[in-house]
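3D, please:
(one chain, ligands or ions: 3)
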Amino acid sequence: MAEKKITEEAKKRLDNLFESYSIIADDTYVFICDMKFDYSRWSKLLVQSFELPSEYMYAAGDIWEEHIHPDDRQAYHEGMEAIFSGKQAGHDMQYRAKRPDGEYDICTCRGTVLKDENGIPEYFCGSIRNHNERSQIDTLTGLRNQYGFFSDLQGYIRNKTPIRIGMAGIGKLTEINEVYGYDAGNKILQLFGRFLMDNVSNRGGTYRMDGSRFAIISTVQNEAEFAESYEDIRARFRKGVRVDGHDITLELNAGMLSLDEFNVDDQTVYSCLNFAYQDSKINKHGDLVAFRTELTNESRKQIEMLHAIRASITKDFNGFYLLYQPVVDAATQRVIGAEALLRWKNDEYGVVPPDMFIPFIETDPLFPELGEWILSTALKDAKKLLNYVPDLVINVNLSYAQLEKSDFADTVWHTIEKECFDPKQLCLEITERCRLLDMELLRNVIVTLRAGGVRFASDDFGTGFSSIGLIKNLPFDTIKIDRSFVQHIEEDEKEKRLLNNFTEIAGIFGADVCVEGIETAGMRDIIRDYGIHSFQGYFYSKPLPIEELLDKIKCGTDCFAK
Ligand code: C2E
Ligand code: MG
Ligand code: MG
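Ligands and ions are numbered 1, 2, ... in the order given. Next comes the predicted model:
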């Protein structure tokens, strides 16, 4: 096709046409070609995704043809020739187009020819939909969705643009759906999304995330403005919205995070934002929580550290290791078990205890992989201990996010089988945070695994709001009483009475009791009288590397008795 340099005026017209097409194109790529000059403008996203030379191209059809699968190329070529020779006034075809990584995406291309007043073809314009690319639009609210959010966030990180990100959600949407119907729930989501868009995101973007949660990315607001906007919105929705003739008051939750350090990935940022949101929802009655660590106030450092920890998961778990704290029989003080406790270490941050990172990364999609590594490492190490303590039980802690995965029970079985481990010698510890999960689902997982012999313990019993509810609904073999309930037992009568109550409750449900945090002989002597089954604590041993624990056990399982 002949090449003529496009005039300034023709280019301006092309741009105008392109802008108006782009507005209505929504989720597809757009192209427009000035046929007289064979000069085209293509969507930036398409240009980036397929690494085309530029948004503006002469003979774009030929350039694109290079990307088309050899088997589809002839049909494409003939189609284009028919358009440019005037034989056809449009086309509608599907072909495979090659991405820079060598994979092919299926694309549907629809185009039409616009003629000038003399009937001469002037523009060829149309859209290309890439079927392998997920839609970035939420159909209910019309806002950009989670994919759009991540794509924009990646852009800001790449360009090092400082931003503030907020996540706001409507509390109790499930109940609203149940009481007023799904339709009302949907209308509320639309209203809320619309409100956010009108009031906040004229200085950024608004996104519908999952369920009742929305996100905002702003390049101009500062933290104080952000907090102010949130309080306004909160007050507005507390007054109630009118939907289907009902006045429905809404409670909101929100978290936020400022990003001015770019040595992070989008998923780490999302995990931190999620953490702030959960904190608002669970602990702060919906007050806006800004992500930062309470200990150092250095959110930037914290985010970087979490980024490094997350990266370790993808680098063969480099930096993660397990320590083991022995569990002793309360009557004989012989070692009968050990609890695996996770640590992470690197040169920059030193040894990081699990409380500093697990709560932040447990919602990360990579976390279950780490969970599998913990389980298989613990079983491998436990086998070394079994040579000396044949009936030892190894305790492994779980996060609620692991249990949530539909293949969790299968994964555990698979690991047990791979390691040829007796399931009766594995005890999985779960904490009260599991109440965030669907109880039926959780019960099914526990019942399935217990049927095969795996034991379950309720960890940190008494520290949450619904510990009793949890053990009433779920079958546990052991209840582990948190050390905060026995710390002062030597002088505090109330702690003695509480311990008595706890052991009675455990008795009702037929569970053993393990007391954590035994630090002195005095504590041991008092607590022993309460019909406790086992002890764990610094008095016997701090968590140890497996080799050290082995050495100690080799000199006799009672060498921890003092
Ligand atoms: P946890 O499961 O209740 O573990 C007991 C914690 O108490 C351990 O802290 C242990 O070092 C500490 N501890 C034991 N005896 C004493 C004592 O006598 N005095 C005092 N002051 N502390 C004692 P650690 O290792 O820092 O772990 C903290 C929490 O992190 C664990 O509490 C557990 O909830 C979580 N965690 C640890 N490893 C894992 C893991 O592999 N997966 C998951 N999901 N969570 C883990
Ligand atoms: Mg534990
Ligand atoms: Mg505990």
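
Confirm that Glu417 sits in a strand.
No - the secondary structure assignment for Glu417 gives helix rather than a strand, going by DSSP: H, G, I helix; E, B strand; the rest coil.

For ligand 3, give me its nearest residue in the stretch 101-250 of the chain.
Gly171 (29.3 Å; CB to the ion). Every C-beta, even on glycine, is put in place using the N, C-alpha and C of the backbone.

Next one: that residue from Gly453, what distance?
Computed with CB to CB, to the nearest Å, the distance linking Gly171 and Gly453 is 40 Å.

Which one's more surrounded, these two?
Legend: neighbour count by other CB atoms under 10 Å for Gly171 and Gly453, higher for Gly171 (17 against 12).

so where's this structure uncertain?
Across the chain, the ranges flagged by pLDDT under 70 are 1-3, 26-27, 201-202, 293-300, 465-466.

can you list the domains in it?
With domains defined by automatic domain parsing, the chain comprises 8-130, 144-295, 316-559.

On the three-state scheme, the residue sitting furthest away from the middle of the chain is what?
Using CA atoms, centre = their mean, the residue of the chain lying farthest from its centre is Asn118. It sits 58.1 Å away. Of the three states, Asn118 takes coil under three-state DSSP.

And for Asp279?
On the three-state scheme (three-state DSSP), Asp279 is labelled helix.

In contact with the residue nearest to it when sequence neighbours are not counted, which residues are there?
Across the structure, with CB to CB, 6 or more residues apart in numbering as the measure, the residue nearest Asp279 apart from its sequence neighbours is Val289 (4.6 Å). Applying CB atoms under 8 Å, 6 or more residues apart in numbering, we find Val289 in contact with 254-256, 276-277, 279-280.

now the domains of the chain in JSON lines, with distance to ligand 1?
JSON lines is the format used below for these (distance: least, CB to the nearest ligand atom, whole Å):
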{"stretch": "domain 8-130", "distance to ligand 1": "35"}
{"stretch": "domain 144-295", "distance to ligand 1": "14"}
{"stretch": "domain 316-559", "distance to ligand 1": "3"}
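
wait, isn't Asp260 in contact with Thr161?
No - in this structure Asp260 lies outside contact range of Thr161 using CB atoms under 8 Å: 9.4 Å.

Near ligand 3, which residues of this protein? Just list them.
By the rule CB under 5 Å from the ion, the part of the chain lying against ligand 3 is 459-460, 516.

can you give me the strands in the stretch 101-250 of the chain?
104-115, 121-130, 163-170, 204-208, 213-218, 241-243, 246-248 (DSSP state E, counting those that start in this stretch).

Would you convert those strands into a markdown table that also reports mean neighbour count and distance to ligand 2?
Compiled in a markdown table, these are given as follows (neighbours: other CB atoms under 10 Å; distance: least, CB to the ion, whole Å):
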| stretch | mean neighbour count | distance to ligand 2 |
| --- | --- | --- |
| strand 104-115 | 17 | 46 |
| strand 121-130 | 20 | 47 |
| strand 163-170 | 24 | 30 |
| strand 204-208 | 24 | 37 |
| strand 213-218 | 25 | 30 |
| strand 241-243 | 15 | 44 |
| strand 246-248 | 13 | 41 |
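
Quick one: closest of those strands to Leu549.
In terms of CB to CB, the element of the strands of the stretch 101-250 of the chain nearest to Leu549 is strand 163-170, at 42.4 Å.

how far is the closest one from where the chain is centred?
Relative to the mean C-alpha coordinate of its chain, strand 163-170 is positioned 15 Å out (CA atoms, centre = their mean, to the nearest Å).

Packing partners of it?
Judged by 3 or more CB pairs under 8 Å, 6 or more residues apart in numbering; DSSP states H and E, strand 163-170 is in contact with helix 182-199, strand 213-218, helix 223-238, strand 252-259, helix 266-282.

hang on, the earlier thing: what residues are bridge-paired with the residue nearest to Asp279?
In this structure, Val289 bridges to Gly255 when assessed by DSSP bridges.

Can you check which helix is longest in the protein?
The helix spanning the most residues in the chain, taking DSSP state H as the definition, is helix 367-386.

For that helix, buried residues please.
Buried positions in helix 367-386, judged by neighbour count with 16 or more other CB atoms under 10 Å: 367-368, 370-379, 381-382, 385.

Need the residues that contact that helix.
Around helix 367-386, the neighbours that count as contacts under CB under 8 Å, 6+ apart are 313, 317, 320, 322, 324, 338, 340, 342, 361, 392, 394, 396-399, 401-402, 405, 408, 411-412, 415-416, 418-419, 421, 425-426, 546, 549-550, 553.

Val200 against Ser218, yeah?
Yes - at 7.1 Å, Val200 and Ser218 qualify as touching, with contact defined as CB under 8 Å.

any residues in contact with both of the two?
Applying CB under 8 Å, 6+ apart, one finds that Val200 and Ser218 are jointly contacted by Gly166.

Can you tell me which residue of the stretch 151-300 of the chain sits closest to ligand 2?
In the stretch 151-300 of the chain, the residue that lies nearest ligand 2 is Ile282 (20.0 Å; CB to the ion).

What is the neighbour count of that residue?
With neighbours defined by other CB under 10 Å, the count for Ile282 comes to 13.

switch to numbering from 757
Taking 757 as the first residue, the last one we looked at is Ile1038.

How much space separates it from Pro1115?
With distances defined as CB to CB, the gap from Ile1038 to Pro1115 amounts to 11 Å.

for Asn915, same thing?
Distance of Asn915 to Pro1115, computed by CB to CB: 30 Å.

Which of the two has more residues huddled nearby?
Pro1115 (15 against 8).

Three-state assignment for that one, please.
Put simply, Pro1115 is helix when judged by three-state DSSP.

Next: the one 5 residues further on.
The three-state assignment at Asp1120 reads coil, by three-state DSSP.

can you give me phi and psi for it?
Listed backbone geometry of Asp1120 is phi -70, psi 140, with angles given as degrees, to the nearest 10.

Find the nearest non-adjacent residue to it, please.
In space, Asp1120 comes closest to Ser1027 once its chain neighbours are excluded; the distance is 5.0 Å by CB to CB, 6+ apart.
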